[in-house]
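Q: fold the following.
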Amino acid sequence: MEGNAIMNPSVVLRLSQRASAMEPSPTLAMDAKAKAMRRQGIDVISFSVGEPDFDTPAHIRAAAAAAMEQGFTRYTPAGGIPELKEAIQEKLAQANGLEYGPDQIVVSVGGKHALYNAFQVLLDPGDEVVIPAPYWVSYAEQVRLADGIPVIVPTTEETGFKLTPEQLREHLTPRTRALVLNSPSNPTGAVYSRAELAALLDVVLSHPQCLIIADEIYEPFVYDGHEHVSIASLSPEAKARTLVINGVSKTYAMTGWRIGYAAGPKELIQAMTDLQSQSTSNPTSISQWAAVAALRGSQEPVKEMVAAFLKRRDVMLAGLRSLPGVTCQQAGGAFYLFPRVDALFGKRYGDTLIRNSADLAMLLLNEAHVALVPGSAFGYEGYIRLSYAAGDNQIRAGLERLRAFCEQVA
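A: Numbering: from 1, shown residues only. Next up, the predicted model:
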């Protein structure tokens, strides 16, 4: 009967312009390719993803287990439980000299989520965000997703890949809503000194509409006498103009637990909390209690991890510097190296021409079975990024594969 016929009209699925223009995270994409190859039985050494290879410390895991046993498995306030906000307040006061009230802190689903929320509530179409390059892969994409315009300012090896006051002054306009500062830096490991931050702050303060978004997720990972300084701590004016982004993922080897936080002006934090209440709701309840234990518990595991990363950095740095066609600056922080490899461009590996860093990265993955990320993903061609948050044996074996590869490039 025609009236009862089941109709199956074809569905026309149309994605938004925003979704169609969106790029996936290059670091996660490379990591996914490496893991797929491993599932096929291929021995891939990965230097691609910024993830400590250490286990989450035992006292943090125990706190999560206790939270489950005690029934802390229900919804929490969207912006985080009071106990975690208090632990974050204590950390910021003791480690950074920053005093915040609980209404100036929001707990998010990782530091990346805090950044995303910040751009969403700060930017209107056409607003600009100054981002020094090389930059973490998601900054520019998150700005675009908020209909903003990323203003990319290339730094140089001569300045240690750090933004200068002159560059900043040149790129600030009446449409500038924020400057993104990442120290210690991903991908270069650059660490801004107190004096360098003060000089940048002077420029920002002359532009009342400009906020500083300080991504401090790699805070404890500093070496060679460098110190981490939060730009918000330089003055009351600096604090009023700064949104501090941090989290537990890197510091406590808790990448999968997904807990980050932001501290800043009350109105901004409230807007980020409201957005979160309409999107993710609260971060995972169990992970929040684990983060309380991380911040208030022993910090010895952090010190041990920093010491191990320093040794690994030195091994990888020496290995990279010994490769033909490769030069590399010494990183003062984080757990990445950003070697220059453009001397290999225009040459061939077998029959394949190496035109750029993306070509090189794919060749290294497919031929040498070493996963890393091309510099183009960080807005900076001619370089590649390697994470030394990997085991000692993996680093040494990976360097041997890189050497064998480079010796066959001609």
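
Q: in contact with the residue most central in space within the chain: list those residues for me.
A: Computing the C-alpha centroid of the chain and ranking residues by Cα atoms, centre = their mean puts Trp136 first, at 5.5 Å. With contacts defined as Cβ atoms under 8 Å, 6 or more residues apart in numbering, the neighbours of Trp136 are Asn182, Asn186, Pro187, Asp215, Phe378. C-betas here are computed from N, CA, C, even on glycine.

Q: can you give me the strands in the chain?
A: Per DSSP state E, the chain carries strands over the ranges 45-46, 105-108, 128-133, 149-154, 176-182, 211-215, 242-247, 260-263, 336-337, 348-349, 352-353, 370-371, 373-374, 384-387.

Q: okay if I get those as JSON lines plus mean pLDDT and distance to Ala318?
A: Shown next, in JSON lines, are the strands of the chain (pLDDT from 0 to 100; distance: least, Cβ to Cβ, whole Å):
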{"stretch": "strand 45-46", "mean pLDDT": "94", "distance to Ala318": "17"}
{"stretch": "strand 105-108", "mean pLDDT": "98", "distance to Ala318": "38"}
{"stretch": "strand 128-133", "mean pLDDT": "98", "distance to Ala318": "27"}
{"stretch": "strand 149-154", "mean pLDDT": "98", "distance to Ala318": "28"}
{"stretch": "strand 176-182", "mean pLDDT": "98", "distance to Ala318": "26"}
{"stretch": "strand 211-215", "mean pLDDT": "98", "distance to Ala318": "29"}
{"stretch": "strand 242-247", "mean pLDDT": "98", "distance to Ala318": "31"}
{"stretch": "strand 260-263", "mean pLDDT": "98", "distance to Ala318": "34"}
{"stretch": "strand 336-337", "mean pLDDT": "98", "distance to Ala318": "11"}
{"stretch": "strand 348-349", "mean pLDDT": "96", "distance to Ala318": "24"}
{"stretch": "strand 352-353", "mean pLDDT": "96", "distance to Ala318": "28"}
{"stretch": "strand 370-371", "mean pLDDT": "96", "distance to Ala318": "17"}
{"stretch": "strand 373-374", "mean pLDDT": "96", "distance to Ala318": "21"}
{"stretch": "strand 384-387", "mean pLDDT": "98", "distance to Ala318": "13"}
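
Q: and these as a markdown table, adding distance to Ala410?
A: As requested, these are exported to a markdown table (distance: least, Cβ to Cβ, whole Å):
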| stretch | distance to Ala410 |
| --- | --- |
| strand 45-46 | 24 |
| strand 105-108 | 49 |
| strand 128-133 | 31 |
| strand 149-154 | 30 |
| strand 176-182 | 37 |
| strand 211-215 | 41 |
| strand 242-247 | 45 |
| strand 260-263 | 46 |
| strand 336-337 | 25 |
| strand 348-349 | 6 |
| strand 352-353 | 11 |
| strand 370-371 | 19 |
| strand 373-374 | 21 |
| strand 384-387 | 19 |
